[in-house]
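Colleague: Any chance you can model this:
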Amino acid sequence: MSKKWTTWMIFGAFVVVAFVIGRCTVGEEEGDEEAGQEEEEVSEWTCPMHPEIRQPEFGTCPICHMDLVPADAADGDSDIPSVQLSEGAARLAEVQNTRVETGPVTDELRAFGRVEVDEGAEVDIAAWTGGRIERLEISARGEEVRRGQLLARIYSPELYSSQRSLVQAVRNLERAKESESERRMRAAQASIDSARTELRLLGVDERQIDRIQETKQARETVDIYATASGTIRQRYVQSGDYVSTGDRILSLAPLDTVWGQLEIYERDLSRVSEGTPVRVEVPGLDGEEFEGRIEFISPEVDSRKRVAFARVVLPNEEGRLKPGMYLQGYVEIGADGQDTVSVPRSSVLWTGQRSLVYLYDDEQLDPPGYIAQPVKLGPRFGDRYVIEEGLEGGEVIAKRGVFRIDSELQLRGGPSMMSTVHAEGTMPLTPEEIVDVPPEGVEFNPPIDPEQLPADKELWYCDMGTVEWAQAEEGDGQCPVCGMNLTHREPQVVEVPPEGVEFDPPIDPEQLPADEELWYCDMGTVEWAQAEEGDGQCPICGMNLTHKEGASGNGHDHNHDHDHDHEGHDHAH
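Modeller: The predicted structure follows:
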């Protein structure tokens, strides 16, 4: 290559480098000028991820090292703490709205039970007189018996004597007729009537009495006939046994109708009443269904199972329902009032007794947005909650994406589920303070909510709807305060697979396994957890997952975002 060409190449390279340096210098000067103008206009800067960080100058967050943004932009322009979402952001966050409904809310309460004999139709066959069982015509439980069927023959000296009195009175009447003495005939007839009455009182039926009177022969045995049809439930005697008057020989149970005894947990008793329709499914009959109504609810609760029994009368003309068969009952429950206010379960954020929804406001807010609205929850029926206070029919609320809205409001430092204030003042707060339960037990006065008991411990506690006593060892199994049997509860720890699991509704963090390394979405409650690191972000709300080491680690939680770049992180609000 000639020296001339070499000189030109060096000169060209110098020009290019000078051009680039000049552009960069101009860009920096322009950027500095713009930043300076912006800093002059902005008086306070904050972190989108940590709104408690407030600095007078532009910089990075000391916690997560994200670039700070103007505080005014993060806080929004409205005086009412709210979240505004563009159409694209709402679609990305999968936020959906729905109207608050009024009207009846129905559901089916599932209960288990079994078929039992209709005790109201059960019949005991008793000995009409004392004596010895000469012959027993039935042999075993379960046999079918028809009304009028011969069941047993009893040798009875008392009956034999009464029969002889009747035979003698009949012969006296015949002699009186031969003598044509009216007085003797009346006396003989009175003796016959007296003897027949005595036999009837001893339990002999009219057919046998007539036969004795016609044949003028006293029998040493008396026949016992079935007074009803049914299945033999119990046999109390066998041949050769001696019985006294009134002793039971056997019990019959007609099975043309049977009882379905359903177990209703005490927490559900207030939602069930006599006359409530029930659909009964019988697994032993390939899931065949029967319709009925609750005829009776036991006034007592089983102290061990904590259930009361609800009786359903079921037709059984063909005898297919066998006593002892298992049942699955579906009891119709609900709120029948036409003015009952209800919302979808997915729209409610709750922690114990504290609940809220996100109300879509297009009147006070411009542009429209979502405002946290505290509500008082009533009972839940299926996938809907009854709202006792806080909402009116026709109002629009967020049906899906409420956790994303709540997290956005929390990041802005607004009144979210984790805060204690809302637009109208103080939000009623009843925090779930987890109590300590020693092995020997502790009394709670006033009683506490069962949800305040530690979820990761095996406990025995007095379950009266609220808890006044709890202990971490079994003891004698009785409450020292009221004497009730204590309820046993296993540790309520969930299983977390490596690929992760969604919890709907969210669970308490204490329900996560304490001895496993986990990554979970920590919103006060947990809606997602996984046992392997993955990309470190929650697939539901997009937040960085919190890392929890197992029992072998140092025992401290630390936010996973220290290990991941926040660049491009968006909560999709």
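Colleague: Now do the same contact list for residue 335.
Modeller: 104, 105, 342, 378, 379, 381, 386 (Cβ atoms under 8 Å, 6 or more residues apart in numbering). The C-beta positions use only the backbone N, C-alpha and C, and glycine is treated the same way.
Colleague: Show me which of the residues you listed is closest to residue 246.
Modeller: residue 379 (51.7 Å; Cβ to Cβ).
Colleague: quick one, phi/psi of the closest one?
Modeller: phi -70, psi 160 (degrees, to the nearest 10).
Colleague: you'd agree it is up against residue 387?
Modeller: No. Taking contacts as Cβ atoms under 8 Å, residue 379 lies outside contact range of residue 387: 10.7 Å.
Colleague: more crowded one of these two?
Modeller: Neighbour totals were compared for residue 379 and residue 387, and residue 387 leads with 24 against 17 (other Cβ atoms under 10 Å).
Colleague: With residue 453 as the reference, measure out to residue 472.
Modeller: 10 Å (Cβ to Cβ, to the nearest Å).
Colleague: Now do the shared contacts for the two.
Modeller: 437, 459.
Colleague: one step back: restricted to buried residues, select the contacts of residue 335 in PyMOL.
Modeller: PyMOL command restricting the contacts of residue 335 to the buried ones, with burial defined by 16 or more other Cβ atoms under 10 Å:
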select buried, resi 105+342+378+379+381+386
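Colleague: export the contacts of residue 335 to a markdown table and tack on pLDDT?
Modeller: Formatted as a markdown table, those follow (pLDDT from 0 to 100):
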| residue | pLDDT |
| --- | --- |
| 104 | 89 |
| 105 | 88 |
| 342 | 93 |
| 378 | 84 |
| 379 | 82 |
| 381 | 84 |
| 386 | 90 |
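Colleague: okay if I get the contacts of residue 335 as JSON lines plus distance to residue 503?
Modeller: Below are these laid out as JSON lines (distance: Cβ to Cβ, whole Å):
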{"residue": "104", "distance to residue 503": "30"}
{"residue": "105", "distance to residue 503": "25"}
{"residue": "342", "distance to residue 503": "23"}
{"residue": "378", "distance to residue 503": "23"}
{"residue": "379", "distance to residue 503": "22"}
{"residue": "381", "distance to residue 503": "22"}
{"residue": "386", "distance to residue 503": "23"}
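Colleague: Any chance of JSON lines for the contacts of residue 335, columns distance to residue 151 and secondary structure?
Modeller: As requested, the contacts of residue 335 are exported to JSON lines (distance: Cβ to Cβ, whole Å; DSSP: H, G, I helix; E, B strand; the rest coil):
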{"residue": "104", "distance to residue 151": "54", "secondary structure": "coil"}
{"residue": "105", "distance to residue 151": "55", "secondary structure": "strand"}
{"residue": "342", "distance to residue 151": "60", "secondary structure": "strand"}
{"residue": "378", "distance to residue 151": "58", "secondary structure": "strand"}
{"residue": "379", "distance to residue 151": "53", "secondary structure": "strand"}
{"residue": "381", "distance to residue 151": "52", "secondary structure": "strand"}
{"residue": "386", "distance to residue 151": "57", "secondary structure": "strand"}
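Colleague: After the lowest-mean-pLDDT helix or strand in the chain, which helix or strand is next? Please name it.
Modeller: Least confident helix or strand of the chain, by mean pLDDT, DSSP states H and E, is strand 425-426 with a mean of 36. Downstream of strand 425-426, the next assigned helix or strand under DSSP states H and E is strand 442-448.
Colleague: buried stuff in that following strand?
Modeller: Quick answer for strand 442-448 (16+ other Cβ under 10 Å): 444, 447, 448.
Colleague: possible to save the residues you listed as TSV with pLDDT and distance to residue 265?
Modeller: Output for the buried residues of strand 442-448, formatted as TSV (pLDDT from 0 to 100; distance: Cβ to Cβ, whole Å):
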residue	pLDDT	distance to residue 265
444	83	22
447	75	19
448	80	20
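Colleague: now the residues you listed as JSON lines including distance to residue 545?
Modeller: Below are those laid out as JSON lines (distance: Cβ to Cβ, whole Å):
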{"residue": "444", "distance to residue 545": "35"}
{"residue": "447", "distance to residue 545": "37"}
{"residue": "448", "distance to residue 545": "31"}
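Colleague: Residue 544: which of these is nearest?
Modeller: For the buried residues of strand 442-448, the nearest to residue 544 is residue 448 (34.0 Å; Cβ to Cβ).
Colleague: and that closest one, bridged to which residues?
Modeller: When bridges are called by DSSP bridges, residue 448 pairs up with residue 467.
Colleague: residue contacts, it?
Modeller: So residue 448 contacts 435, 466, 467 (Cβ under 8 Å, 6+ apart).
Colleague: For PyMOL, write the selection for the buried entries among those.
Modeller: Selection of buried members from these for PyMOL, criterion 16+ other Cβ under 10 Å:
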select buried, resi 467
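Colleague: Of the contacts of residue 448, which one scores lowest on pLDDT?
Modeller: Note: of the contacts of residue 448, the lowest pLDDT belongs to residue 466, at 76.
Colleague: Test my guess that it contacts residue 450.
Modeller: Yes. Using Cβ under 8 Å, residue 466 is in contact with residue 450, at 7.3 Å.
Colleague: can you give me the strands in the stretch 51-200 of the chain?
Modeller: Along the stretch 51-200 of the chain, counting by DSSP state E, counting those that start in this stretch, strands occupy 54-55, 69-70, 96-99, 101-102, 105-117, 123-126, 131-136, 144-145, 150-155.
Colleague: All set now, cheers.
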